[in-house]
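Undergrad: structure here, sequence nowhere to be found:
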């Protein structure tokens, strides 16, 4: 970690020097004594605080929001390991493990071939998850939350502007939780460092970041006997007494990323017509390792008698260079070239008696050209993007969206996307010490067509998603039993149609409120490949008020969550993926959480009794067919903000 910090600082050293040299003359003229500086600091401290709109949060697309320290029901939904609303995701028993996906709308597709091992990436911060900042004074956020057993989660964040135009931020999220079951330790770390710079009159703009992430999990493979779990009898209510499939298996996902997104305006003075040269660079390396000292017959025969150690390595280098014409009347027109190259490899090749059967690497270069048009005027905001490869590998991406804002309370979104996607690498190539987990495939591109319509109004929020999938890729267990896992990749040669309708509405009655989110999903397919619950709902009734002479603001209530029974995908830790199964349905169990949250100054305090009805409604609750959902537990946490 020290080496990574030093490397990050070395990369950013030129920007620091640039900022210092730029302001050197001004600093010399404004040199003051230590006493005078201390006096001015006290005056500033007693002065009126900077308005909140000077504490800006900026996305990769340069959309801007502001720091919000209020206590709302949405903050309650985001107080979790992912730090975002996890509606549609079903967590596993221990914090820091994977999630089963209830809402297929949450699946993201990129036309480029990705690393794979998607079940391990829920806690991995992607490029779109990194935010950039501009703040009037140093801003700090400390997040703390207790875990299931023997550990805690802490997310510490600091950002500051050395000048009006240069910002730095540094953050680290660390989590360790032993969990309630045998061999279930989670130990995750997410380090990120960002910088933002804009020159005088915004001629040069820069956003850059560095991340170093390691996500470790002990993998127990789930419980052996669901009957013992569902009995609700001693000693099995002590979850460590339940037998699990693996007692010494583990997995580790690691990754480092260097990212730069910057642009330079050709004309010195900004006006109604501007020409910008843009460049985005993303270099990332990853590895996924599955270790198991004791061989398990559940995965079939193996090449070795002990000590399985499968490690997959991956790196990619992406560059996008473009020219953007900005016009105050017609909007922005951009033309760009993309260069994407990757290596996905193992340190061995696998032979049999006849010759090479499994190669040790994949790698290629994909070049694409494309254009993008943006329009924003009055109540309209639109974007149209199209790109297509010009190299041997064939990919394409069409993404068109329009937002119409009627007023501050009502706006409507229409989006259409058409993607021809290359298979993720672990579908095409995988190697393991287990003989059945070695393959080399040549799959066709997946084709995804989706239409999304959303209306956010003063009465309710509703959205409709229509998606058609052709040549869909998935993993499936070739054995019709859960205790034997011979999982392999397949491509479905028929059409899958998916429909989702979601409605969200909050009703307020004085100091009481009822917040509701309901999702209805349906698939049309010849075989049960894409399996989702028809109904997913979350309903929260809560009370809000000031107490202690308005020194504290509280929110307390109960959240009810539910999803209908369906053949949920199961989890395979060997390949870090979920797979299709038709042996067991899960769902149709209620989940009640009681919470009491408080806001004191710039601190938000959270106390929750999670799944408090677990012993009352029966022990038939699962996150995956043989992975139990969480038992009743009381957890505490807080978010503490500082503005100086």
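TA: The structure has been received and is ready for your questions. All figures in this text were calculated on a predicted structure; none of them were measured in a lab.

Undergrad: surely residue 207 is within a strand?
TA: Yes: according to DSSP: H, G, I helix; E, B strand; the rest coil, residue 207 belongs to a strand.

Undergrad: what's around it, how many residues?
TA: Residue 207 has 23 neighbours, counted by other C-beta atoms under 10 Å. C-beta coordinates here come from the backbone N, C-alpha and C atoms, glycine included.

Undergrad: and if you look at residue 467?
TA: A count of nearby residues for residue 467, using other C-beta under 10 Å, gives 21.

Undergrad: partners of the helix or strand that it is a member of, with directions?
TA: Residue 467 belongs to strand 461-470 when assigned by DSSP states H and E. Strand pairing for strand 461-470, using DSSP bridges, gives strand 446-456 (antiparallel), strand 496-509 (antiparallel).

Undergrad: quick one: contacts of that strand?
TA: By C-beta atoms under 8 Å, 6 or more residues apart in numbering, the list of residues contacting strand 461-470 from outside reads 104-105, 446-455, 492, 495-505, 530.

Undergrad: distance of the nearest residue to residue 80 once chain neighbours are set aside relative to residue 573?
TA: Nearest non-adjacent residue to residue 80, counting by C-beta to C-beta, 6 or more residues apart in numbering: residue 86, 5.6 Å away. Residue 86 is 21 Å from residue 573, where distance means C-beta to C-beta, to the nearest Å.

Undergrad: neighbour-wise, which of these two wins?
TA: residue 573 (24 against 19).

Undergrad: break down the protein into its helices, ranges please.
TA: For the chain, the helices defined by DSSP state H cover 2-22, 24-29, 34-46, 73-78, 226-231, 425-428.

Undergrad: pLDDT of the shortest one, averaged?
TA: Taken as a whole, helix 425-428 has a mean pLDDT of 96.

Undergrad: that one packs against which elements?
TA: Here helix 425-428 touches no other helix or strand, going by 3 or more C-beta pairs under 8 Å, 6 or more residues apart in numbering; DSSP states H and E.

Undergrad: among the contacts of strand 461-470, which ones are buried?
TA: Those of the contacts of strand 461-470 that meet the buried threshold are 104-105, 446-448, 450, 452, 454-455, 492, 496, 498, 500, 502, 504, 530, by 16 or more other C-beta atoms under 10 Å.

Undergrad: rewinding a little: among the strands paired with strand 461-470, which is nearest residue 198?
TA: Of all the strands paired with strand 461-470, strand 446-456 sits nearest to residue 198, with 30.8 Å by C-beta to C-beta.

Undergrad: so, low pLDDT: which residues of the stretch 51-200 of the chain?
TA: The model of the stretch 51-200 of the chain has no residue with pLDDT under 70.

Undergrad: run the last query once more with 90
TA: 51-53, 61-63, 200 (pLDDT under 90).

Undergrad: what segments of it are strands?
TA: 56-58, 64-66, 89-91, 99-101, 132-134, 139-146, 152-161, 166-177, 186-198 (DSSP state E, counting those that start in this stretch).

Undergrad: mean neighbour count and distance to residue 290 added to those, as JSON lines?
TA: Shown next, in JSON lines, are those (neighbours: other C-beta atoms under 10 Å; distance: least, C-beta to C-beta, whole Å):
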{"stretch": "strand 56-58", "mean neighbour count": "17", "distance to residue 290": "37"}
{"stretch": "strand 64-66", "mean neighbour count": "11", "distance to residue 290": "39"}
{"stretch": "strand 89-91", "mean neighbour count": "21", "distance to residue 290": "21"}
{"stretch": "strand 99-101", "mean neighbour count": "21", "distance to residue 290": "19"}
{"stretch": "strand 132-134", "mean neighbour count": "20", "distance to residue 290": "35"}
{"stretch": "strand 139-146", "mean neighbour count": "17", "distance to residue 290": "28"}
{"stretch": "strand 152-161", "mean neighbour count": "18", "distance to residue 290": "24"}
{"stretch": "strand 166-177", "mean neighbour count": "20", "distance to residue 290": "20"}
{"stretch": "strand 186-198", "mean neighbour count": "21", "distance to residue 290": "16"}
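
Undergrad: and residue 579, bridged to which residues?
TA: residue 570.

Undergrad: from residue 110, how far off is the closest residue to residue 114 other than its chain neighbours?
TA: Spatial nearest neighbour of residue 114, excluding adjacent residues (C-beta to C-beta, 6+ apart): residue 424 at 4.8 Å. Distance, residue 424 to residue 110, by C-beta to C-beta: 9 Å.

Undergrad: so between these two, which is more surrounded?
TA: Of the pair residue 424 and residue 110, residue 424 is the one with more neighbours under other C-beta under 10 Å, namely 21 against 13.

Undergrad: picking up where we left off before, quick one, what contacts the residue nearest to residue 114?
TA: Applying C-beta under 8 Å, 6+ apart to residue 424 gives the contacts 113-116, 118, 473.

Undergrad: again with residue 276
TA: By C-beta under 8 Å, 6+ apart, the contact set of residue 276 is 263-266, 323-324, 326.

Undergrad: give me the pLDDT for residue 44.
TA: Per-residue pLDDT puts residue 44 at 49.

Undergrad: repeat that for residue 17.
TA: Residue 17 is given a pLDDT of 37.

Undergrad: could you do residue 40 as well?
TA: Note for residue 40: predicted pLDDT of 48.

Undergrad: same question, residue 329
TA: 89.

Undergrad: how far away is the closest residue to it other than its chain neighbours from residue 263?
TA: Leaving aside its sequence neighbours, residue 329 sits nearest to residue 272 (C-beta to C-beta, 6+ apart; 7.5 Å). As judged by C-beta to C-beta, residue 272 and residue 263 stand 18 Å apart.

Undergrad: neighbour count winner among these two?
TA: Applying other C-beta under 10 Å to residue 272 and residue 263 shows that residue 263 carries more neighbours, namely 19 against 8.

Undergrad: so who does the spatially closest residue to residue 532 that is not a sequence neighbour touch?
TA: Of all residues not flanking residue 532 in the chain, residue 521 sits nearest, at 4.7 Å (C-beta to C-beta, 6+ apart). Contacts for residue 521 (C-beta under 8 Å, 6+ apart) come out as 103-104, 498-501, 532-536.

Undergrad: out of those residues, who's nearest residue 309?
TA: For those, the residue nearest residue 309 by C-beta to C-beta is residue 104; the value is 34.1 Å.

Undergrad: could you find the closest non-adjacent residue to that closest one?
TA: Using C-beta to C-beta, 6+ apart and skipping residues adjacent in sequence, the residue nearest residue 104 is residue 532, 5.3 Å away.

Undergrad: touching, that neighbour and residue 523? I think so.
TA: Yes: between residue 532 and residue 523 there is a contact under C-beta atoms under 8 Å: 6.5 Å.

Undergrad: okay, and the common contacts of the two?
TA: Common contacts of residue 532 and residue 523 (C-beta under 8 Å, 6+ apart): residue 498.

Undergrad: how many other residues sit next to residue 330?
TA: 12.

Undergrad: wait, it sits on residue 376?
TA: No: with contact defined as C-beta under 8 Å, residue 330 does not count as touching residue 376 (11.0 Å).

Undergrad: what does stretch 325-339 contact?
TA: 272-276, 278, 317-324, 365-377, 387.

Undergrad: make a ChimeraX selection of the buried ones in those residues.
TA: Here is the ChimeraX selection string for the buried members of the contacts of stretch 325-339, based on 16+ other C-beta under 10 Å:
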select :274,276,278,317,318,320,322,324,366,368,370,372,374,387
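
Undergrad: specify the beta-bridge partners of residue 337.
TA: On the basis of DSSP bridges, residue 337 is bridged to residue 321, residue 369.

Undergrad: now do it against residue 367, distance only.
TA: For residue 337, the distance to residue 367 - C-beta to C-beta - is 7 Å.
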